[in-house]
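S.K.: This is the structure alone, sequence omitted:
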């Protein structure tokens, strides 16, 4: 065994080939492995590659491998992780979205109890108001990827958070939708899923919020888990438009928080995280988030790229959301027509 190890240490294929394999392997595993395999298996695999490279090629070489891998991840990664998709032609459909009026009991209570007027005071631009609300929601608790609230009502989530609880991206988005509706802006919880969401083991989905802006006559996406909103060429972006802009190059996208533009060191890791999720987009028709879930109208709409199969499973489990499927962005992004509080 000792002779075999000594032979491997001297063999050119190991001394020169292993560093290349390690750089490529670590880069690809970091960019894609977490969604396919889960974070534990991915980091174990990266650790094994680095240990082998360090043992057979020397620890100085290992430093170069780590440096080059990180450079590739940060520079090339945002271009690699964003899916390239196509959408079908225009298709007209009436809006089926149900949401709260700001004077409904739940939104009105949220606005008063949590002084939302102070959060947006002096802000005239609707997009800037969304950024302020996203920042406020982001500040209410620290993220937990597994903890779930006792109730999906935004008020109950906030009260649990006031007592020290932490929640998932889902709860950030539900509270963001409730706060936006409380301020008179139609809003919806938006599920994002990767291209391999049906078979991935873990990490194949993320949840954000979209808010309708009358001033811009469009939906814009906010990620309240981080407190971010997005623009390209000065125009606020929806979730689908964010994916399209990133596919043209991450430099075209401006990531903003309530404090202003987000710097490159914060922006790049976020885009590496967000990019893979911009493939499937889904939302429930009934966005009256202050109602108990069993009182809301069932059903939702999922946007699927043209040529991709309808997503019927998520991480190996059947979807029970009764989705209607479309590949038309126009259908998915139809403007909300009226606000209903009763069916």
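M.R.: Nice, thanks for sending it over. Everything numeric in this text was worked out from a predicted model, so none of it was measured.
S.K.: Stretch 303-322 spans what distance, first to last residue?
M.R.: 13 Å (CA to CA, to the nearest Å).
S.K.: Could you do stretch 242-260 as well?
M.R.: Note: stretch 242-260 ends 18 Å apart using CA to CA.
S.K.: Same question for stretch 314-324.
M.R.: 16 Å.
S.K.: Can you tell me which helices and strands the helix or strand that contains residue 301 packs against?
M.R.: Assigned by DSSP states H and E, residue 301 belongs to strand 300-303. Judged by 3 or more CB pairs under 8 Å, 6 or more residues apart in numbering; DSSP states H and E, the packing partners of strand 300-303 are strand 280-284, strand 323-326, helix 329-332. Where you see a C-beta, it was placed from the backbone N, CA and C, and this is true even at glycine.
S.K.: Centre of the chain to the first one, how far?
M.R.: For strand 280-284, the distance from its own C-alpha centre to the chain's C-alpha centre is 12 Å (CA atoms, centre = their mean, to the nearest Å).
S.K.: Begin at 591, not 1, for the rest of this chat.
M.R.: New numbering, starting at 591: the last item is strand 870-874.
S.K.: Parallel or antiparallel, list what pairs with it.
M.R.: strand 777-783 (antiparallel), strand 890-893 (antiparallel) (DSSP bridges).
S.K.: hang on, the earlier thing: and the next element down the chain from the strand holding residue 891?
M.R.: Taking DSSP H and E, what comes next after strand 890-893 is strand 903-904.
S.K.: Tell me the helices and strands packed up against that next one.
M.R.: Using 3+ CB pairs under 8 Å, 6+ apart, strand 903-904 sits against no helix or strand.
S.K.: can you list the residues that contact it?
M.R.: Defining contact as CB atoms under 8 Å, 6 or more residues apart in numbering, one finds that strand 903-904 is touched by 783, 787-789, 794-795, 909.
S.K.: Neighbouring strands - and their directions - for it?
M.R.: strand 907-908 (antiparallel).
S.K.: Spatially central residue for this structure, please.
M.R.: Centroid-nearest residue in the chain, with CA atoms, centre = their mean: residue 796, separated by 4.3 Å.
S.K.: is it true that residue 739 touches residue 755?
M.R.: Yes - taking CB atoms under 8 Å as the definition, residue 739 is a contact partner of residue 755 at 7.0 Å.
S.K.: Can you name the element that comes right after the longest strand along the chain?
M.R.: Once the chain is assigned using DSSP state E, the strand that runs over the most residues is strand 795-803. Next helix or strand after strand 795-803 toward the C-terminus (DSSP H and E): strand 808-813.
S.K.: can you pull the buried residues of that following strand?
M.R.: For strand 808-813, burial by neighbour count (16 or more other CB atoms under 10 Å) applies to 808-813.
S.K.: Report the buried residues of the helix or strand following that strand.
M.R.: Per DSSP H and E, the first helix or strand lying C-terminal to strand 808-813 is strand 818-822. The neighbour-count check on strand 818-822 (16+ other CB under 10 Å) flags 818-822 as buried.
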